[in-house]
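Peer 1: Make a model of this:
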Amino acid sequence: MTRILLVDDEAAIRRGVRRFLEHHGLEVALADDLASARKLADTQVFDLLLADLRLPDGEGTTLIAEFPQLPTVIMTSYASVPSAVEAMKSGAIDYIAKPFDHDGLLLTIRAALRSNSARSQPASDPDRPKQDCGLIGDSPLMETLRQQIQRVATTHSTVLIRGESGTGKEVAARAIHDLSPRAGGPFIPINCASIPEGLVEAELFGHAQGAYTGAVKARAGLVEAANGGVLFLDEIGELAPAAQARLLRVLQEGEIRPVGATQARRVDIRLLAATHRDLEAMIATQEFRADLYYRLRVLEIRIPPLRERMQDLEPLAAHFLRELENDLGQKDLNLPRETLENMQLYDWPGNVRELKNALERAAVLSEHHRIEWEHLGLGPLGKDDGSEGESLRDYFRRFVLENQARMNETELARALGISRKTLWERRQRENLPRP
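Peer 2: Next up, the predicted model:
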């Protein structure tokens, strides 16, 4: 069983995170400061260290150098994200910003464990043909996508990755990084929609000491953290206009100027950007800069939605079930043919992410490890084409309106079998803002 050492000085966080992770088949040991963490790490074997940045007797990042064999994820408040970036330079495998939801924490932990496992594998023979780039499926569309990724990976050009939410745009971006000459450098993913608007420029470009209230010392930004590697900006269409102008300068001049600083700094990054939005329409309404758009769209690849490559659904489901068997400590999860056939009739508006979340929900709820359609929590079958019966769109609207008063966003998203980000995006499309 995977063992995690959780270090946080807040008892409520320790209890809540431990309860959640143990529910998902992970074993968790607790420490409330550096001293108790050192005692545990010296005497026990752990697969991952999850440490708060600020602890009573110092910074959690000091444990990175003391236990270099232990992959580390740092927890930090948004105001301290640059410190976490510095920690990643020192060897932390990832960070997560508080406040976080438990689902996001679980995804970060799993990604960190997979990343560390991949790092520990022997280097592959460079003369061997490239593998599947992490993209699962044998459909012609996926084979074309793999070929495109392998071609663009060898260049240093900016790439715009387009596709609906949940199609796997970050997976494609990571594949480009891993197959590129910059594979040995950092890969820094940033979701532009998740950073609070007032902190966007400071988070991306850093700030000088005294740049604003609370800036007690200079901090590097996420763009600088990607120096020598790849910067991936997901949901680039959500980037504020002022940050768009600063990003354009990075692409044109290869330099950044932190907020409040007078001197620019040189950076060497390759930029990958992704969006599900219509950037051309945003240019027409002056929501997105045309000059930045043309800088981003040097190369462009499109990730097909799951409904366009339904022959990949079965291998995708098999892959996710194998992951769930490991993560949840279950064995022999069974997806009957009848359930699979129903899944192939579903439209999958949330794409691969929705498939993964639905299977995880079903794995938890199913009896005797047999996954039935009702366990997936996907609502009624059918396409949103005006046919008789309730459409997926109508079901989404009805479910949200009936339950949003008693359920928070995490609970709503989990019940619908989608991520919080997908829920937010569908709220925008359906004009259903959170009351």
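
Peer 1: Tell me which helix or strand residue 353 sits in.
Peer 2: helix 351-365 (DSSP states H and E).

Peer 1: what sits up against stretch 26-36?
Peer 2: Stretch 26-36 is contacted from outside by 1-9, 11, 14, 17-18, 21-22, 37, 39-40, 44, 46, 55-58, 60, 62-63, 109, using Cβ atoms under 8 Å, 6 or more residues apart in numbering. In this view, the C-beta of every residue, glycine as well, is placed from N, C-alpha and C.

Peer 1: List the ones among these that fall in helices.
Peer 2: With helices defined by DSSP state H, the entries of the contacts of stretch 26-36 inside them are 11, 14, 17-18, 21-22, 37, 39-40, 62-63, 109.

Peer 1: Quick one: buried ones out of the residues you listed?
Peer 2: 14, 17-18, 21, 37, 62-63, 109 (16 or more other Cβ atoms under 10 Å).

Peer 1: The helix or strand hosting residue 29 to helix 11-23, inter-axis angle?
Peer 2: Using DSSP H and E, residue 29 sits within strand 27-31. Interaxial angle, strand 27-31 versus helix 11-23 (axes from the mean of the first three to the mean of the last three Cα atoms, to 10 degrees): 160 degrees.

Peer 1: quick check, distance from strand 27-31 to the centre of its chain.
Peer 2: Between the centre of strand 27-31 and the centre of its chain there are 24 Å (Cα atoms, centre = their mean, to the nearest Å).

Peer 1: now swap in stretch 341-351 and tell me
Peer 2: Taking the mean of its C-alpha atoms, stretch 341-351 sits 22 Å from the chain's own mean (Cα atoms, centre = their mean).

Peer 1: Flag every buried residue along it.
Peer 2: For stretch 341-351, the neighbour count (16+ other Cβ under 10 Å) marks 342-343, 346-351 as buried.

Peer 1: now that stretch: mean pLDDT?
Peer 2: The predicted model assigns stretch 341-351 a mean pLDDT of 87.

Peer 1: measure that stretch end to end?
Peer 2: Start to finish, the residues bounding stretch 341-351 are 17 Å apart (Cα to Cα, to the nearest Å).

Peer 1: How about stretch 343-359?
Peer 2: Where stretch 343-359 begins and where it ends lie 11 Å apart, using Cα to Cα.

Peer 1: circling back to that earlier point, dump the ones in helices among the contacts of stretch 26-36 into CSV; add pLDDT as well.
Peer 2: Listed next are the ones in helices among the contacts of stretch 26-36 as CSV, based on pLDDT from 0 to 100:
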residue, pLDDT
11, 90
14, 91
17, 90
18, 91
21, 89
22, 87
37, 94
39, 92
40, 92
62, 88
63, 89
109, 84
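
Peer 1: Strands along the stretch 101-250 of the chain, start to end?
Peer 2: Taking DSSP state E, counting those that start in this stretch as the criterion, the stretch 101-250 of the chain carries its strands at 159-162, 187-191, 230-234.

Peer 1: and those strands, which is most packed in?
Peer 2: Scoring the strands of the stretch 101-250 of the chain by mean neighbour count under mean count of other Cβ atoms under 10 Å gives strand 230-234 as the most buried, with a mean of 24.

Peer 1: Since that was my last question, I'll sign off now.
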